[in-house]
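S.K.: Next one to model:
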Amino acid sequence: MTDETTSETPASPPVPLEEMDANDPSLTPEMQAQIAKAQRVAELRSQEVFMKRSLGLHDCQNCDFVYDESLGETKVIGGTVPAGTAYADLPSDWRCPTCRAQKGFFKERVEEIPGFEVNQGYGFGTNAWTSGQKNLAVFGGLGLFFFIFLAGYGLS
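M.R.: Model (predicted):
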């Protein structure tokens, strides 16, 4: 009885479609078309960027204190930060007036603007709107139309 050991090479992990060559002649035309389509989808997904816009509010992670850049820290007893002071301009030794947490414990509030970054400047400025603003414009316009439509019946 002899022991024969065969050396098996480990299987290489599958290559994602986006990284394959669509012009490889060993592939079928259907596979080449599928690879080209997957590469196009990956390219479009990389272009879609959710822009973030600061609201000027910073939340303390330890307590519920909110630093508002437009108000500063004048409403707190002993507050010395004037209104309009940006969070980045606060001194490095500034602390939360409620819990004395350091400046690094604050988290900035931001809103996302969905869509392609290259399209943000087009149109009448509506491409830079947030999803909430777009919903308000669409459904508010529909509500206004419905009101005017019903008001037409009141005239007769």
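S.K.: any idea which helix is longest in this structure?
M.R.: Criterion DSSP state H: the longest helix present in the chain is helix 131-155.
S.K.: so the nearest residue to residue 71 once chain neighbours are set aside, which of the three states?
M.R.: The shortest distance from residue 71 to any residue that is not its chain neighbour, by Cβ to Cβ, 6 or more residues apart in numbering, is 5.5 Å, and that residue is residue 83. Heads up, the C-betas are built off the backbone N, CA and C, glycines and all. Assigned state for residue 83: coil (three-state reduction, DSSP: H, G, I helix; E, B strand; the rest coil).
S.K.: What separation do you get for residue 83 and residue 56?
M.R.: Relative to residue 56, residue 83 is positioned 11 Å away (criterion: Cβ to Cβ, to the nearest Å).
S.K.: Compare these two and say which is more crowded by neighbours.
M.R.: Between residue 83 and residue 56, counted using other Cβ atoms under 10 Å, the more crowded position is residue 56 (15 against 12).
S.K.: Quick check: nearest residue in space to the more buried one, chain neighbours excluded?
M.R.: Taking Cβ to Cβ, 6+ apart, and ignoring the residues beside it in sequence, residue 56 has residue 69 as its nearest neighbour in space, at 4.1 Å.
S.K.: what does residue 118 give?
M.R.: residue 47 (6.9 Å).
S.K.: Is residue 90 in contact with residue 81, as I believe?
M.R.: Yes - between residue 90 and residue 81 there is a contact at 6.6 Å, judged by Cβ atoms under 8 Å.
S.K.: Next, the contact list for the residue nearest the centre of the chain, please.
M.R.: Among the residues of the chain, residue 50 comes closest to the average C-alpha position under Cα atoms, centre = their mean, at 3.7 Å. Applying Cβ atoms under 8 Å, 6 or more residues apart in numbering to residue 50 gives the contacts 112-114.
S.K.: how close does residue 151 get to residue 38?
M.R.: As for residue 151, its distance to residue 38 is 53 Å (criterion: Cβ to Cβ).
S.K.: Also residue 53?
M.R.: Shown here: residue 53 relative to residue 38, a distance of 32 Å by Cβ to Cβ.
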